[in-house]
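A.B. asks: Here's my sequence, what's the structure:
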Amino acid sequence: MKKITTELLATKNPCPSELRRFGKEFPGGATPTLANCRRAAKLGFNTDWFAQNFLTPTAWEAYEKAIATALKAYGKAEATAWEAYVKAKATAEEAYEKATAPAWEAYKKAKATAEEAYEKATAPAWKAYKKAKAIALFRALQIEKKGR
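C.D. replies: Predicted coordinates:
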């Protein structure tokens, strides 16, 4: 492969935004050098997508073999970091729950009191409204009956 261009990439239906980004980062295309491969990886281009779509089966196998050790090491580091994250998050969540529990209970109590006061304050008006609706419906039915 002499040069990787947007035209070449477009033949494999890449993500449109990534194709545009490639065109901006490599306006004249890119020769497949170590420096350009490193640059593409550093810029966050999906080098696996490129490898899957453009390498021959033999080259793909060599690529997978070459990255396997690094991928395994990353997996171990990620698992260790994730475990530490989960523990730290659990500790923080526990502290948060402990710190906010009294406030949450006070909020629920205040809300219940306010809801009770609201219901008590609006009950007579709601009862009168329902009564007015019943009377209005009855009168409307009387008008309807006379109109027939």
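A.B. asks: mind checking how far Ala51 is from Ile4?
C.D. replies: 12 Å (C-beta to C-beta, to the nearest Å). Every residue, glycine included, has its C-beta placed from N, CA and C.
A.B. asks: the more surrounded of these two?
C.D. replies: Neighbours were counted for Ala51 and for Ile4 using other C-beta atoms under 10 Å; Ile4 has more, 19 against 15.
A.B. asks: Show the pLDDT at the closest residue to the more buried one other than its chain neighbours.
C.D. replies: Nearest non-adjacent residue to Ile4, counting by C-beta to C-beta, 6 or more residues apart in numbering: Ala30, 4.9 Å away. Looking at Ala30, its pLDDT stands at 97.
A.B. asks: low pLDDT regions in the protein?
C.D. replies: In the predicted model, the chain carries pLDDT under 70 at residues 148.
A.B. asks: Scan the chain for its longest helix.
C.D. replies: In the chain, with assignment by DSSP state H, the single longest helix is helix 57-147.
A.B. asks: list the helices and strands that one packs on?
C.D. replies: helix 47-54 (3 or more C-beta pairs under 8 Å, 6 or more residues apart in numbering; DSSP states H and E).
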